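>>> Predicted model follows, preceded by the sequence.
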Amino acid sequence: MGTYNLPRNVKGEGRILFIFTGKSMLYTVIGGGVGFLLFYLILSALGFTMAGIIAMAACALIGFLIGTMKMPNMAKFEFAQKTGGENIDDIIKRAIRFRTKGKKIYVYREEQRDESK
């Protein structure tokens with residue numbers, strides 16, 4: 001008799017430390033690094049080491065959220081209707097690119113052809 005491999009759920013096997021994907025880990029490290037440079041070093045020099053650690057952890061959490069969260073679909077807000085379901089980091093990248101290119105956006109559309117003729 002032959003063997004049969006049962007299908008299994010492989011979703012999440014590419015994760016690091018269970019909650020981190022590669023992208024979310026990168027954004028967490030970047031957020032923590034920004035928090036370390038901006039808050040921890042300054043606040044620890046002033047004698048507020050614990051406040052610096054909390055601020056650095058908050059920046060790392062913000063980085064994690066940017067790396068993992070998606071924009072929710074909300075019918076009330078126009079920007080959320082257009083960007084609903086997209087990754088937040090993609091939206092931020094697109095906004096930065098829009099601002100650096102002189103606030104111009106180019107959309108290429110194909111003309112619909114009437115093929116019934």
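Great, that's in hand. Residues are numbered from 1 along each chain as shown.

>>> what residue ranges in the protein are flagged as low confidence?
Across the chain, the ranges flagged by pLDDT under 70 are 1, 6, 8-18, 79-81, 104-117.

>>> which residues of it fall in strands?
Secondary structure of the chain (DSSP state E): no strands located.

>>> Please name the spatially closest residue to Y40 (chain neighbours excluded).
Among residues not flanking Y40 along the chain, G52 sits closest, at 3.8 Å (Cβ to Cβ, 6 or more residues apart in numbering). (Each C-beta comes from the backbone N, C-alpha and C, glycine too.)

>>> can I see the domain layout of the protein?
18-69, 71-107 (automatic domain parsing).

>>> can you map out the helices along this structure?
Counting by DSSP state H, the chain has helices at residues 22-35, 41-45, 49-68, 78-83, 88-100.

>>> now these as TSV including distance to G2 and mean neighbour count?
Below are those laid out as TSV (distance: least, Cβ to Cβ, whole Å; neighbours: other Cβ atoms under 10 Å):
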stretch	distance to G2	mean neighbour count
helix 22-35	37	17
helix 41-45	63	14
helix 49-68	42	17
helix 78-83	50	12
helix 88-100	46	12
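
>>> Of the ones you listed, give the one that comes closest to Y4.
Closest of those to Y4 is helix 22-35, at 33.0 Å (criterion: Cβ to Cβ).

>>> circling back: the residue nearest to Y40 contacts L38, doesn't it?
No. G52 lies out of contact with L38 (Cβ atoms under 8 Å); the separation is 9.6 Å.

>>> Please report phi then psi for M71.
Main-chain torsions, M71, degrees, to the nearest 10: phi -70, psi 130.
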